[in-house]
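**Student:** sequence first, then the predicted structure:
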Amino acid sequence: MNLASHTESIASILSSQQNRPGALLPILHDIQEALGFIPPDSIQQIASALNLSRAEVHGVITFYHHFRTTPPARHTIEICCAEACQSMGAERLVEHAKQRLAGSKHGECEVKPVYCLGLCATSPALMVGEELHARVTPEKFDRLIEQMGIKT
Ligand code: FES
């Protein structure tokens, strides 16, 4: 999606929501859902529509970890770093993942820590898209990224 279509999508979201009370958060959610992220150069457009300052809009975007200002990677691997997984080597797995993916194409894959995927009894666990993986060793991780076609 290019800059012009970003601006158009954002304009359409703004015009449908800007008059409702407390519109900023729903607008940010809708923009992120539509584009995958909130383009930093849209902050002025959002601020003007809501009669807010750029700093106010920027403050809300950076306050909530959910919002992102860069396009998402093609693949996101969520590795559980909560207690049960930690005790079964999640930290080592995260380090291994970062090391393996350091050589992959920029924007190809990102690793995100999450806190409990509900597979505590079969930890460490991770999730790729909607797919859960249990008892993930560094070797199993390598096989997984190979199956995903990620070149490292
Ligand atoms: S602690 Fe990792 S899945 Fe629950």
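**Tutor:** Sure, I can see it.
**Student:** tell me the predicted confidence for the nearest residue to Leu101 once chain neighbours are set aside.
**Tutor:** Among residues not flanking Leu101 along the chain, Cys109 sits closest, at 5.3 Å (Cβ to Cβ, 6 or more residues apart in numbering). For every residue, glycine as well, the C-beta is placed using N, CA and C. Cys109 carries a pLDDT value of 91.
**Student:** same check on Thr69?
**Tutor:** 95.
**Student:** quick one: Pro72 and Gly36 touch, right?
**Tutor:** Yes: assessed by Cβ atoms under 8 Å, Pro72 is found in contact with Gly36 at 4.8 Å.
**Student:** and stretch 9-17, what's buried?
**Tutor:** Neighbour-count burial for stretch 9-17, with 16 or more other Cβ atoms under 10 Å as criterion, is recorded at 9-10, 13-14, 17.
**Student:** any idea what Cys80 is bridged to?
**Tutor:** Val114 (DSSP bridges).
**Student:** secondary structure, pLDDT and distance to Ser42 added to the buried residues of stretch 9-17, as a markdown table?
**Tutor:** Shown next, in a markdown table, are the buried residues of stretch 9-17 (DSSP: H, G, I helix; E, B strand; the rest coil; pLDDT from 0 to 100; distance: Cβ to Cβ, whole Å):
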| residue | secondary structure | pLDDT | distance to Ser42 |
| --- | --- | --- | --- |
| Ser9 | helix | 94 | 9 |
| Ile10 | helix | 96 | 5 |
| Ile13 | helix | 97 | 10 |
| Leu14 | helix | 97 | 9 |
| Gln17 | helix | 93 | 14 |
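**Student:** show me what from this structure comes close to the ligand.
**Tutor:** Within the chain, the positions lying close to the ligand (Cβ under 6 Å from any ligand atom) are 80, 82-85, 116-120, 123, 125.
**Student:** tell me the domain ranges of the chain?
**Tutor:** Listed by automatic domain parsing, the domain ranges of the chain are 3-63, 75-147.
**Student:** that older thread, and the buried residues of stretch 9-17, which is closest to Lys140?
**Tutor:** The shortest approach to Lys140 among the buried residues of stretch 9-17 belongs to Ser9, at 39.0 Å (Cβ to Cβ).
**Student:** ok, and the closest non-adjacent residue to the closest one?
**Tutor:** Closest residue to Ser9 apart from its sequence neighbours, by Cβ to Cβ, 6+ apart: Ala34 at 5.2 Å.
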